[in-house]
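*Asks:* have a look; sequence and predicted model below, questions after that.
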Amino acid sequence: MYADLHLHTNFSDGTYTPEELSGHGKRVGLKVMSLTDHDTIDGCARMAVACAELDIEFISGCEFTVELDGFELHLLGYFLDLENTRLLSELAKYQEVRRNRIHEMVAKLNGLGIAITSENVMRIANCDAPGRPHIGRALVELGHCRNLDESFQKWLKKGKPAWVPKAKLSAGEAINLIHDADGLAVLAHPGLYHRDEVIPPLVELGMDGLECLYTRHSTPMTEHYLMLTEQYSLLVTGGSDCHGENKGKPLIGAVKVPVSFIEKMKSAVAV
């Protein structure tokens, strides 16, 4: 029995609805799923209902963009209280940051002679947590590039002409926020940062786990992070980071996360 604890829907930058995502999870044999949309928990209630109807255990989650010593990281929050007022207030603030970033990036594209409006992007996003993939999809729809990858390579990646940095929570603030909402804080895809020196200070700040099992982690990388979880007494999590059809074929279920890891997470939440 397996789980996938890193999934996105159209409530942020995925393409599946919660119901579609749950259905795909059922088809690949998942027993546990967590929705970790960017800076929003808006899809969790629908995902919980859809999973229950398919006899899949659901874990509420969210992916937070944070900063530590000037470096951007992503933290996953699990078992979040969806009615926590502080969590809802902070997420609303960073959803506004996301919307403002769309306007700034569109203005940069306009300055480059590219005809696109914020309305084009927001219509495609149709959510409170829009992101760069929505700009990319608008650029494709308007004929400015052939696919999403091209939009990022030409304009949207860090260092490209239309890129704008996003205001972020500090790592300490995010971990505190997750814990205040009765959740667990986990560093997402640590192998992508090439910066393991961030792990000890995150542990000091109260981080609970590492996402060791991940689509783009090699076997040696996975083994390395599993070793670090033992060294620092951290939980092990994992997931596919499926965004639906945004990034080629769906990845859901591509990473096999043993359900035994979820039992350890539950024990940590109960402490």
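*Replies:* Noted; the coordinates are in hand. Residues are numbered from 1 along each chain as shown.

*Asks:* tell me the residue furthest from the middle of the chain?
*Replies:* Distance from the C-alpha centroid of the chain, by C-alpha atoms, centre = their mean, peaks at Gly113 (31.7 Å).

*Asks:* quick one: contacts for it?
*Replies:* Residues in contact with Gly113 (C-beta atoms under 8 Å, 6 or more residues apart in numbering): none are found. Bear in mind the C-beta positions are built from the backbone N, C-alpha and C, glycine included.

*Asks:* strands of the stretch 101-250 of the chain, residue ranges please.
*Replies:* Along the stretch 101-250 of the chain, counting by DSSP state E, counting those that start in this stretch, strands occupy 169-170, 184-187, 209-214, 235-239.

*Asks:* which outside residues touch the last one?
*Replies:* Right, the one you point to is strand 235-239. 3-7, 34, 36, 76, 78, 184, 186, 208-214, 226, 229, 255, 257, 261, 264-265, 268.

*Asks:* if we go to 6 Å?
*Replies:* Residues outside strand 235-239 that contact it (C-beta atoms under 6 Å, 6 or more residues apart in numbering): 4-6, 186, 208-209, 211-213, 229, 255, 257, 261, 264-265, 268.

*Asks:* on that earlier part again, by mean pLDDT, show me the worst of the strands of the stretch 101-250 of the chain.
*Replies:* Lowest mean pLDDT of the strands of the stretch 101-250 of the chain: strand 169-170, a mean of 94.

*Asks:* pLDDT score assigned to Lys166?
*Replies:* For Lys166, the predicted pLDDT is 85.

*Asks:* what is the burial count for Gln153?
*Replies:* Around Gln153 there are 12 other residues, counting by other C-beta atoms under 10 Å.

*Asks:* quick one, phi/psi of the closest residue in space to it that isn't next to it in sequence?
*Replies:* Excluding the flanking residues, the one nearest Gln153 by C-beta to C-beta, 6 or more residues apart in numbering is Lys160, at 7.5 Å. According to degrees, to the nearest 10, the main-chain angles of Lys160 amount to phi -90, psi 160.

*Asks:* and the gap between Lys160 and Tyr232?
*Replies:* 36 Å (C-beta to C-beta, to the nearest Å).

*Asks:* likewise for Val121?
*Replies:* 40 Å.

*Asks:* so Met33 belongs to a strand, correct?
*Replies:* Yes - under DSSP: H, G, I helix; E, B strand; the rest coil, Met33 falls within a strand.

*Asks:* now the two most distant members of the contacts of strand 235-239.
*Replies:* Put simply, by C-beta to C-beta the two of the contacts of strand 235-239 set farthest apart are Val255 and Ala268, 20.6 Å from each other.

*Asks:* okay, these two: which has more neighbours?
*Replies:* Val255 (24 against 15).

*Asks:* isn't the more buried one up against Arg216?
*Replies:* No - assessed by C-beta atoms under 6 Å, Val255 is found out of contact with Arg216, at 9.8 Å.

*Asks:* now Thr40, nearest residue through space, not along the chain?
*Replies:* Per C-beta to C-beta, 6+ apart, closest to Thr40 is Ala129, 4.2 Å.

*Asks:* can you classify the nearest residue to Ile178 once chain neighbours are set aside by secondary structure?
*Replies:* Leaving aside its sequence neighbours, Ile178 sits nearest to Gly77 (C-beta to C-beta, 6+ apart; 3.9 Å). Recorded secondary structure, Gly77: strand (three-state DSSP).

*Asks:* nearest to Val97, out of the strands of the stretch 101-250 of the chain?
*Replies:* Among these, if distance is taken as C-beta to C-beta, the winner is strand 169-170, at 10.0 Å.

*Asks:* can you list the strands that that closest one pairs with?
*Replies:* strand 57-68 (parallel) (DSSP bridges).

*Asks:* for the strand it pairs with, which outside residues touch it?
*Replies:* By C-beta under 6 Å, 6+ apart, the residues outside strand 57-68 that reach it are 32-36, 38, 41, 44, 48, 51, 73-78, 80, 82, 168-171, 174, 198.
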